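Trainee: fold the following.
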Amino acid sequence: MADPGSGREESETERLDRNLNELLQELRVALPGVQVLFAFLLTIPFAQRFAELTTAQERIYLGVLLSTTISAALLIAPSAYHRINFRKQQKGKLVFVSNTLAIVGLGFLALAMTGVVLLVTDFLFATPVTVACTALSALMFILFWYALPLRSRLSFDDG
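Mentor: Presented below is the predicted three-dimensional model:
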């Protein structure tokens, strides 16, 4: 039987299996970035120049650290959810919840990465460079991670 939304000849169980596998593959791409960013953020306070941060830069650092932590928690959560509910016949719920967690987790990752650009450029360069680099970073995440996929989704739904 074909799933009308995918155009594939697959059962509901096969579709859920495929959806879960695709989601897990996508998370495998995002997680190393989160881990590297988190490791970087954990080492910064031990650098000699950390004491030179302004109060505003310290607050940015805290926001970036927390955003990275939230991102890691949300992006890893589908694995924990799956392990805890293994063999409980909840794959549909798992795919739905995991998809939501991944989308929100990627949002926090974009926020964290933009924040790191803000922190580093504010520490090293003049305000115009900081504003330009941070705005460009935020714009790239908004455009490529959200606007482009949403535009494609909306045009597909309309067509």
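Trainee: and residue 72, how many residues sit next to it?
Mentor: For residue 72, the neighbour count with other C-beta atoms under 10 Å is 20. Heads up, the C-betas are built off the backbone N, CA and C, glycines and all.
Trainee: before we move on, what about residue 144?
Mentor: 11.
Trainee: for whichever strand or helix holds residue 79, what is the average pLDDT?
Mentor: Under the criterion DSSP states H and E, the helix or strand holding residue 79 is helix 55-84. The pLDDT scores in helix 55-84 average 94.
Trainee: in it, what's buried?
Mentor: 57, 60-61, 64-65, 67-68, 70-72, 74-78, 81-82 (16 or more other C-beta atoms under 10 Å).
Trainee: next one: stretch 124-138
Mentor: 130, 133, 134, 137, 138.
Trainee: export the residues you listed to JSON lines and tack on secondary structure, distance to residue 19 and pLDDT?
Mentor: Converted to JSON lines, those look like this (DSSP: H, G, I helix; E, B strand; the rest coil; distance: C-beta to C-beta, whole Å; pLDDT from 0 to 100):
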{"residue": "130", "secondary structure": "helix", "distance to residue 19": "41", "pLDDT": "98"}
{"residue": "133", "secondary structure": "helix", "distance to residue 19": "37", "pLDDT": "98"}
{"residue": "134", "secondary structure": "helix", "distance to residue 19": "35", "pLDDT": "98"}
{"residue": "137", "secondary structure": "helix", "distance to residue 19": "30", "pLDDT": "98"}
{"residue": "138", "secondary structure": "helix", "distance to residue 19": "30", "pLDDT": "98"}
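Trainee: among the residues you listed, which one lies nearest to residue 42?
Mentor: residue 137 (21.2 Å; C-beta to C-beta).
Trainee: isn't that closest one right up against residue 111?
Mentor: No - proximity of residue 137 to residue 111 does not meet the contact threshold set by C-beta atoms under 8 Å, at 10.4 Å.
Trainee: quickly find the element holding the closest residue to residue 91 other than its chain neighbours.
Mentor: Excluding the flanking residues, the one nearest residue 91 by C-beta to C-beta, 6 or more residues apart in numbering is residue 16, at 4.4 Å. Element membership for residue 16 (DSSP H and E) is helix 12-43.
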